[in-house]
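Asker: Quick one: sequence and predicted model below, then my questions.
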Amino acid sequence: MAEAFQPFSRVALIGIGLIGSSLAHNMKAHGLAQHIAITTRRAETLKRAEALDLGDSYHLEAADAVAGADLVILCVPVGSVGAVTKEIAASLAPGAIVSDVGSVKASVVKAMQPHLPENVHFVPAHPIAGTEQSGPDAGFLELFERRWCILTPVEGSDETAVERLKAFWTACGSDVEVMSAEHHDLVLAIVSHVPHLIAYNIVGTAADLEKVTESEVVKFSASGFRDFTRIAASDPTMWRDVFLNNREAVLEMLGRFSEDLASLQRAIRWGDGDSLFELFSRTRKIRREIIEAGQDTASPDFGRGPKHEVKQEG
Ligand SMILES: NC(=O)C1=CN([C@@H]2O[C@H](COP(=O)(O)OP(=O)(O)OC[C@H]3O[C@@H](n4cnc5c(N)ncnc54)[C@H](O)[C@@H]3O)[C@@H](O)[C@H]2O)C=CC1
Ligand SMILES: O=C(O)C(=O)Cc1ccc(O)cc1
């Protein structure tokens with residue numbers, strides 16, 4: 001896998017939650033970096049990262065971590081990337097590759113790019129791999145295996161830097177695809193962001209109803225509802241930032257979703273079983289195609305995840 005990979009001499013990970021710590025596990029296991037410098041806001045999280053032996057050096061100042069790094073990866077919520085980039089800009093080494101892992105891309109580019117010096121290579125990235133867990137304990141080596149990682153190079157991005165980052169993610173087990181930030185945001189709105197919103201909404205509605213039905217909603221909830229509760233347990237800060245930063249695409253997809261929901265409502269009202277059956281058959285086929293492609297859920301519920309109990313941050 002990583003045989004031909006030329007290791008980075010120093011990789012700075014800014015933020016050491018689920019994604020940052022999973023990257024650290026990969027860099028260590030596959031020898032992708034000679035030195036891993038870790039930085040995060042809170043001393044307690046940094047101490048936990050050190051206890052887990054995720055890196056080679058630990059810094060409370062992001063600027064200290066990025067000094068001399070040839071790869072810098074921001075692994076923080078998308079609402080924080082602008083402020084973090086501003087903080088590190090003056091300490092970045094000439095020629096460094098600067099990347100991120102944010103679930104939204106156009107707003108990340110807009111927030112980061114103005115702060116970056118001309119002599120670094122900016123290549124935004126998004127691994128389509130995760131779980132509902134967060135914090136440094138949540139990461140695991142296999143997270144990115146056979147998952148997509150999307151790169152959204154900006155205009156004039158250095159080709160060698162893009163290829164280098166592609167090789168890095170490939171060495172982490174990912175299949176890499178390149179597209180524009182805008183296209184990424186539209187696609188992810190429907191396959192990831194709207195589904196999370198639906199989960200937050202249905203669990204919220206059920207929780208409100210619980211008061212009316214005296215706890216019976218949760219007590220008798222079948223597996224369909226339980227699957228939604230896993231997704232609705234995802235990190236509130238991260239997902240607040242996703243919706244605030246992919247507003248247009250999410251609203252567009254929600255409009256389409258609401259129309260289709262209304263037509264289902266009509267089919268039920270008028271006893272149109274054929275329409276219901278046709279849709280449910282189509283969707284069952286999609287699920288089977290996903291399983292066949294080996295892209296089923298990354299949830300620990302499905303046998304993937306850290307072997308130890310996950311202690312949530314904060
Ligand atoms: N959780 C998931 O399933 C996935 C998340 N992502 C993206 O990855 C990024 C990180 O997400 P997770 O690792 O899940 O989050 P997490 O909550 O597990 O970790 C975030 C880390 O960033 C630190 N942090 C927060 N604000 C900071 C700041 N201003 N400066 C320095 N450190 C700061 C936190 O202390 C924590 O260590 C987000 O942008 C998210 O959209 C991408 C793919 C999947
Ligand atoms: O846990 C799940 O079901 C996910 O959908 C994980 C996930 C969350 C956010 C991303 O940007 C990519 C993947």
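Answerer: Received the coordinates, thanks. Residues are numbered from 1 along each chain as shown. Ligands and ions are numbered 1, 2, ... in the order given.

Asker: and the least confident helix or strand in the chain by mean pLDDT, C-alpha only, in PDB?
Answerer: None of the helices or strands of the chain scores lower by mean pLDDT, DSSP states H and E than helix 216-219, at a mean of 74. The C-alpha trace of helix 216-219 is given here as PDB (Å, rounded to 0.1, in the frame of the first residue of the first chain):
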ATOM      1  CA  GLU A 216     -43.600   4.900  25.000                       C
ATOM      2  CA  VAL A 217     -41.900   6.300  21.900                       C
ATOM      3  CA  VAL A 218     -38.500   5.400  23.200                       C
ATOM      4  CA  LYS A 219     -39.600   2.300  24.900                       C
END
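
Asker: list the helices and strands it packs on?
Answerer: helix 194-213 (3 or more CB pairs under 8 Å, 6 or more residues apart in numbering; DSSP states H and E). The C-beta positions use only the backbone N, C-alpha and C, and glycine is treated the same way.

Asker: average pLDDT across the helix it packs on?
Answerer: The average pLDDT for helix 194-213 rounds to 88.

Asker: That helix close to ligand 1?
Answerer: No: counting by CB under 6 Å from any ligand atom, ligand 1 has no neighbours in helix 194-213; the shortest distance is 9.7 Å.

Asker: What lies in contact with that helix?
Answerer: 216-218, 221, 225, 228-229, 231-232, 234, 239, 242-243, 250, 253-254, 257 (CB atoms under 8 Å, 6 or more residues apart in numbering).

Asker: again, 7 Å this time
Answerer: Applying CB atoms under 7 Å, 6 or more residues apart in numbering, the contact partners of helix 194-213 are 217-218, 225, 228-229, 231-232, 234, 239, 243, 250, 253-254, 257.

Asker: try stretch 239-249
Answerer: 77-79, 103-104, 107, 185-186, 189, 193, 196-197, 250.

Asker: ok, and which of those reach ligand 2?
Answerer: residue 103.

Asker: List the buried residues for the top helix by length along the chain?
Answerer: When the chain is parsed with DSSP state H, its longest helix is helix 247-269. Going by neighbour count (16 or more other CB atoms under 10 Å), the buried part of helix 247-269 is 249-250, 253-254, 257, 267.

Asker: Can I get the residues you listed in a markdown table including pLDDT and distance to residue 138?
Answerer: Below are these laid out as a markdown table (pLDDT from 0 to 100; distance: CB to CB, whole Å):
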| residue | pLDDT | distance to residue 138 |
| --- | --- | --- |
| 249 | 98 | 27 |
| 250 | 98 | 25 |
| 253 | 97 | 28 |
| 254 | 97 | 29 |
| 257 | 96 | 29 |
| 267 | 98 | 41 |
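
Asker: Tabulate the residues you listed (CSV), appending distance to residue 148.
Answerer: CSV is the format used below for the buried residues of helix 247-269 (distance: CB to CB, whole Å):
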residue, distance to residue 148
249, 18
250, 20
253, 19
254, 23
257, 23
267, 34
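
Asker: circling back to that earlier point, neighbour-wise, give me the winner out of the contacts of stretch 239-249.
Answerer: residue 104 (29 neighbours; other CB atoms under 10 Å).

Asker: okay but that one is in contact with residue 78, surely?
Answerer: Yes: look at residue 104 against residue 78 with CB atoms under 7 Å: they come within range, at 5.0 Å.

Asker: domain parsing for this protein?
Answerer: 11-180, 184-302 (automatic domain parsing).

Asker: Single out the most deeply packed of those domains.
Answerer: domain 11-180 (a mean of 20; mean count of other CB atoms under 10 Å).

Asker: Could you pull out the strands in the stretch 1-150 of the chain for me?
Answerer: Applying DSSP state E, counting those that start in this stretch to the stretch 1-150 of the chain gives strands spanning 11-14, 36-39, 57-59, 71-74, 97-100, 121-122, 125-127, 148-151.

Asker: could you check whether the fourth one is close to ligand 1?
Answerer: Just to be clear, that refers to strand 71-74. No: with CB under 6 Å from any ligand atom as the criterion, ligand 1 is not reached by strand 71-74; the gap is at least 7.8 Å.

Asker: Measure how far stretch 181-195 is from the centre of its chain, please.
Answerer: In terms of CA atoms, centre = their mean, to the nearest Å, the centre of stretch 181-195 is set 12 Å apart from its chain centre.

Asker: How about exporting that stretch as PDB, limited to the C-alpha atoms?
Answerer: Output in PDB follows, covering the C-alpha atoms of stretch 181-195 (Å, rounded to 0.1, in the frame of the first residue of the first chain):
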ATOM      1  CA  ALA A 181     -16.000  22.500  -4.200                       C
ATOM      2  CA  GLU A 182     -19.400  23.600  -5.500                       C
ATOM      3  CA  HIS A 183     -20.200  20.200  -7.000                       C
ATOM      4  CA  HIS A 184     -19.000  18.500  -3.800                       C
ATOM      5  CA  ASP A 185     -21.300  20.700  -1.700                       C
ATOM      6  CA  LEU A 186     -24.400  19.800  -3.800                       C
ATOM      7  CA  VAL A 187     -23.700  16.100  -3.800                       C
ATOM      8  CA  LEU A 188     -23.000  16.000  -0.100                       C
ATOM      9  CA  ALA A 189     -26.100  18.000   0.700                       C
ATOM     10  CA  ILE A 190     -28.300  15.200  -0.500                       C
ATOM     11  CA  VAL A 191     -26.200  12.200   0.500                       C
ATOM     12  CA  SER A 192     -25.100  13.300   3.900                       C
ATOM     13  CA  HIS A 193     -26.300  16.700   5.200                       C
ATOM     14  CA  VAL A 194     -30.000  16.400   4.500                       C
ATOM     15  CA  PRO A 195     -30.100  12.800   5.900                       C
END
